[in-house]
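**Q** let me see the structure of the following:
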Amino acid sequence: MTERFIYDVPVRWSDMDAYGHVNNARFLTLYEEARVAMFFVGAKAHGLGSFEEGIVIARHEIDYVRPIDFGDPVRIEMWVSELRAAAFTVSYELFDDGVLASRAKSVCVPYNLVKGHPRRLSDAEREFLAPYVDAEDRS
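**A** A predicted model of the protein is given here:
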């Protein structure tokens, strides 16, 4: 079974819309906080700091299953649904009080910020991502 990186993200009052739910655009912020934790905190704990040198997002895709209200942190579970030489796709599921509220995907591209161009994943980065890769992703 594929490992999932799990991260709890607090819902802030500023995430709310006029209807008292988390604004649909703020879902991207919640996903971003979890993704940053995976590639900065999780990777660093694994002894890998190269993701901090640059990753850009080529695409986001979100499915909204149910609204989220202000309250306890939401749990975001992440895994890698596609791994290529110079890009990978992070898939997410967001749970509010244990109930699925959203699914999403982000296509991530390793990027050399100094030189201003995409780069290939290193062997160490591929090794870090390997436990999270789900070759049969159905999300």
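**Q** and the most centrally placed residue in the chain, what are its phi and psi?
**A** Central residue of the chain (CA atoms, centre = their mean): Arg35, 3.4 Å from the mean position. Backbone geometry at Arg35, expressed as degrees, to the nearest 10, gives phi -60, psi -40.
**Q** excluding sequence neighbours, find me the nearest residue to it.
**A** Nearest residue to Arg35 in three dimensions, chain neighbours excluded: Val90, at 6.0 Å (CB to CB, 6 or more residues apart in numbering). C-betas here are computed from N, CA, C, even on glycine.
**Q** also Asp17?
**A** Leaving out its chain neighbours, the residue that sits closest to Asp17 by CB to CB, 6+ apart is Asn23, at 4.0 Å.
**Q** so what's the one you found up against?
**A** 15-17 (CB atoms under 8 Å, 6 or more residues apart in numbering).
**Q** same question, Phe40
**A** 51-52.
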